[in-house]
Each structure stands twice: as C-alpha cells, then as structure tokens.
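Student: mind looking at a prediction? Sequence and model below.
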There are 2 protein chains.
Amino acid sequence: MIRVLVVDDHQVLIDGVKALFENDADINIQAEALTGKQAVEIACSDEIDAILLDINLPDISGFEVCKTVKERKPEIKIIALTMHSEAGYISKMIKYKVDGYLLKNAGKEKMFEAIKAVMVGDKFFSKEVTDSLITGMHQPRKPKTSDFIQKLTKREKEILHLIIEEYTTDEIASELFIASTTVITHRKSLLRKLSAKNTAGLVKAAYEFGLLKSN
Amino acid sequence: MIRVLVVDDHQVLIDGVKALFENDADINIQAEALTGKQAVEIACSDEIDAILLDINLPDISGFEVCKTVKERKPEIKIIALTMHSEAGYISKMIKYKVDGYLLKNAGKEKMFEAIKAVMVGDKFFSKEVTDSLITGMHQPRKPKTSDFIQKLTKREKEILHLIIEEYTTDEIASELFIASTTVITHRKSLLRKLSAKNTAGLVKAAYEFGLLKSN
DNA sequence: TAAAAAATCCCCATTTAAGGGGATAGCCAC
DNA sequence: GTGGCTATCCCCTTAAATGGGGATTTTTTA
C-alpha cells in the first residue's frame, strides 16, 4: 500500500483525488495539506511514501516544499501537479529533484501510472507537460507577475532592488541604516522565497517574475 | 505644418522637445500627454499627424497605445522614443506597426529627420537603435569612459549563461570540462567587459543588453 | 606569417555570500 | 492573548567570488 499525501490549496482538488482512490488496493490517500508548511510538517512526521504537490501554494512555494522535503526525507517521492500556464517552471522543479509531473486534469490512470513509476525510482513526466515546456520555450515568457514576487515583503523587495543595483551586503546595510546581519537575514529569505541558489538566481527571478515592472 | 503629440511620463522630456521645435516652420508640438490613456484620447479626438511615443508609461504600455491608435487612426504616424535598455523591444514595436524608432537622447536634427520620413510613409529607425538590435548588446551603461565596444566571446557568453542558471564557478568548470581557474578568468573578463561589479551586475547586464536572445 | 585575440591554466590574497543556528520586539489578526 | 509574520540583530562556519598578478597554447585574422 502506497501512502500518499495530497497538497493543494483547493480542497475540491484534494477531495477529487481522494475520491479517485477511495477503494484502491494499492494507493491510499493517507493525508492532505492545504499549505506548504503543513505539507512539510506532515511529510516529515507521518509515514508518507509519495506526495502529489501543487506548485502554487498560499504560503511557501511548491519549489520550497519540494526542496525541504527532499533534504529531510529523500526517500519520499514527489509528483508535481501543474497547470499549463506553469509549465515554464518545470526546469526549475527538475533542479529540486521532483520525481514526476502531471497536469492537474490528469485522470486516475495517469496518476496511478505516475505514482507507480516514481515509487520504483523512475521518473514520470506527462506528455502534455513536456509539450508545454518545449513550446513554451519558444514563445516569450508572459510578463505576468508571479505570486512569488508578491509574497515578498516591502523590505525584501527593497533589498532585492539594491542587490540588482550591484550593492553588496555592507553597502545595503549602510544605505538602509540597518545592521549587515539583518541584510543577510533578508537575503536568506529572498533565496528561500524565490527558490534561488545564489545572487544570480535572485536577479534572474527579479527579471523573470516581473519585479522590475510592478515595483 | 506637422502637428505632433508628445507622450512621456516625464514632463521634463516633453518640455525639452517643445523647446526644440518652439519656432520651427514645419513642426508644431500641438499636444502632450503624460499617460497612455491620455495619449490615445488626444490622438483620436484632436487633429494630430504624428506621435512621439515613450514606451514606458505609467498606465498602459506604449505598445498598447501604438496598437490602439493605429487601429482607430492608421494615418497617424508613430515614432517610438526609447532608451538603450529597451532596444530589444524594437521587433515588438514593428509588430504594432510603429513607423519609427528613436533614442531618447536624439537631437533635434534626428527628430526632424524621423518625423519628415514617417510623414511621407517611410520608416525611420535610428542607427543606434538598430545597432543595438543587431549586435544584441553594446553601449556601456555609463558612457563616461571609453565608448569602445567590446563584444563577448563565445566562451564568455557560454559561461554567462551558466552563471544566470545559478551555476557556481566550480559547477561551470565541471560542466565545460575546464579548470575552475579558467572560469574565474572568464568571469573577470565578463565583469570588465560588462562594467559590472559582481554577479548581480552580470545577470542584470545579460537581461538589459539582451544577451539571452542572441545566444 | 606575424600579430592579435581567445582559451586555457596557476599563484597570491581578500572580500562577499551562503548555510546553520538562535533571539527579541512590534504588529496584526483570529 | 496567542500565534504568525515582519523586521531587527547576533553567533559560527564554510563556500564562493573578486582583485592582482603571470603564463602557455591555440585560433583567428590582418
């Protein structure tokens, strides 16, 4: 019996998935979570084999959930649930070692296939998603502002702007009349929230997520 | 007499243009607008022959203004005013049937030339803009020092791409099967050529100079 | 072919960034 | 009035990047 955690901010989707596997012999929807933090908590404490994970969550991003869970419990398999419009994020998810991708409108068979595949260590990427990735690469990214940017606090945006202007941590501290340790803390938050690994990732995220237009 | 509408969110630029053509025999700055909506309104109601149009407007973008005006009054000629960093948008503007393209620091003669050209149905794209488009980069952001244009080598572009993808120096070295010291050398060249102070500046330059499209 | 440019490698040293913690005070909402 | 978030500050340690040199080989090009 494969014990699955379903994570999505819409209860209706969770209920739908639960209904699909209600009397399934192999797959049991053991737990559910509406937020990223809840998801991490459940994944780390409960006995979970796999996660069906939405990318857009109200608190922390699916990227971060994926990263955290894989760090603490690498044996847990993670399948991302995405919509077409998010297909551009796929490459990012791969970096965080997600095991599979599904479109949200995938049927039971598709989900079953995906879960079985990742449980034996395979990767599963639905054709629809990879198609979106390939075609999405040719057309310019839509300048719609991502949720990730909007989740940044005022101070964090301020600091991100200064980072882009090539200010070092110490220079930012002087500019804002705060301690450099505080700036370091904010930088850590930015890296976490934007799922970036370093300064280059922060600047990249700022451009691609449209920070420079909205603010 | 050619009746011109000047659109820019900075009053100072509008005033500058007005001053340039104050007593001109052929060109009359008939109207001005600080926002996109205002611009569309004036263009459609007043007697206007040509528009000098900024791309970055507070409400709707210059692209939208261009599109709307051309739909309603195709006989009005539109010349886009842009800064270097926006030169990559030229192809987009062409799609919206803009008639000309000028840098914001263009002088009176250049503007005069452009207006005259578009009024007889010609297109006018200032050399500086098309140069930026063709070579993909160029133009130091701080034109104070030498205006010697140094373009990046293939290897440098390659490494810059990997930096943007959040690779560290060591990871780049592994990826390209070269020593990390070599990557460091290339990074130094990139910092020098792009007048950047750090990694953030490299990523910023890549986005603003359009390096991501050429390669 | 000779000069220039590109690509490769290394040394030194210093500065900056990142990752792991933890802590306190204020503010707002439930 | 507790819980969550923001913003502030600190510790320690390691990783990564920068700045200054110098050097060789290959490739391009004038």
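Tutor: Nice, thanks for sending it over.

Student: what number of residues are in the vicinity of the closest residue to chain B within chain A?
Tutor: Across chain A, the shortest distance to chain B (C-beta to the nearest C-beta) belongs to residue A:203, at 3.8 Å. All C-beta spots, glycine's among them, are computed from the backbone N, C-alpha and C. Using other C-beta atoms under 10 Å in any protein chain shown, residue A:203 is surrounded by 26 other residues.

Student: look at it and tell me its secondary structure.
Tutor: Following DSSP: H, G, I helix; E, B strand; the rest coil, the label given to residue A:203 is helix.

Student: buried residues of the strand or helix carrying residue A:64, list them for me.
Tutor: If you go by DSSP states H and E, residue A:64 is part of helix A:62-72. Buried residues in helix A:62-72, defined by neighbour count with 16 or more other C-beta atoms under 10 Å in any protein chain shown: A:62, A:63, A:64, A:65, A:66, A:67, A:68, A:69, A:70.

Student: any idea which of those residues is closest to residue B:185?
Tutor: Closest approach between those and residue B:185, by C-beta to C-beta: residue A:67, at 32.3 Å.

Student: so the closest one touches residue A:195, yeah?
Tutor: Yes - counting by C-beta atoms under 8 Å, residue A:195 is a contact partner of residue A:67 at 7.0 Å.

Student: give me the domain ranges for chain A.
Tutor: Here the domain parsing of chain A from automatic domain parsing is A:2-138, A:147-214.

Student: which parts of chain A sit against chain B?
Tutor: A:163-166, A:168, A:196-204, A:207 (C-beta under 8 Å from any C-beta of the partner chain).

Student: gap between residue A:81 and residue A:203?
Tutor: 29 Å (C-beta to C-beta, to the nearest Å).

Student: what ranges does chain A have for its strands?
Tutor: Here chain A has its strands, by DSSP state E, at A:2-7, A:27-33, A:50-54, A:77-82, A:100-103, A:124-125.

Student: residues near residue A:113, how many?
Tutor: The tally of other residues near residue A:113 (other C-beta under 10 Å) stands at 16.

Student: show the average pLDDT along the longest helix anywhere in chain A.
Tutor: Secondary structure assigned by DSSP state H gives helix A:180-193 as the longest helix of chain A. On average, the pLDDT along helix A:180-193 is 88.

Student: what lies in contact with it?
Tutor: A:60-61, A:64, A:148, A:151-152, A:155-156, A:159-160, A:163, A:169-170, A:172-173, A:176, A:196-198, A:201-202 (C-beta atoms under 8 Å, 6 or more residues apart in numbering or on different chains).

Student: can you select the buried ones from the residues you listed in ChimeraX?
Tutor: Selecting only the buried entries of these in ChimeraX, with 16+ other C-beta under 10 Å as the criterion:
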select /A:60,61,64,148,152,156,159,160,163,169,172,173,176,196,201,202
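
Student: show me where pLDDT drops low in chain A?
Tutor: Scanning chain A for pLDDT under 70 picks out A:58, A:83-97, A:105, A:117, A:120-123, A:125-151, A:211-215.

Student: now the helices for it?
Tutor: Listed in chain order, the helices of chain A (DSSP H) span A:11-20, A:36-45, A:62-72, A:90-95, A:108-119, A:127-138, A:147-150, A:154-164, A:169-176, A:180-193, A:199-208, A:211-214.

Student: most packed of the ones you listed?
Tutor: A comparison of these by mean neighbour count, using mean count of other C-beta atoms under 10 Å in any protein chain shown, puts helix A:199-208 on top with a mean of 23.

Student: hmm, that one in reach of DNA strand C?
Tutor: Yes - Helix A:199-208 reaches DNA strand C (C-beta under 7 Å from any atom of the strand) through A:199, A:202.

Student: just the CA atoms of that helix, as CSV, please.
Tutor: Output in CSV follows, covering the C-alpha atoms of helix A:199-208 (Å, rounded to 0.1, in the frame of the first residue of the first chain):
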residue,chain,number,x,y,z
THR,A,199,22.7,36.1,-6.1
ALA,A,200,22.5,35.3,-9.8
GLY,A,201,19.3,33.5,-9.1
LEU,A,202,17.8,36.4,-7.2
VAL,A,203,18.5,38.8,-10.1
LYS,A,204,17.1,36.3,-12.6
ALA,A,205,14.0,35.8,-10.6
ALA,A,206,13.5,39.6,-10.3
TYR,A,207,13.6,39.9,-14.1
GLU,A,208,11.6,36.8,-15.0
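
Student: packing partners of it?
Tutor: helix A:147-150, helix A:154-164, helix A:180-193, helix B:154-164, helix B:199-208 (3 or more C-beta pairs under 8 Å, 6 or more residues apart in numbering or on different chains; DSSP states H and E).

Student: run the last query once more with 6 Å
Tutor: Contacts defined by 3 or more C-beta pairs under 6 Å, 6 or more residues apart in numbering or on different chains; DSSP states H and E place helix A:199-208 against helix A:154-164, helix B:154-164, helix B:199-208.
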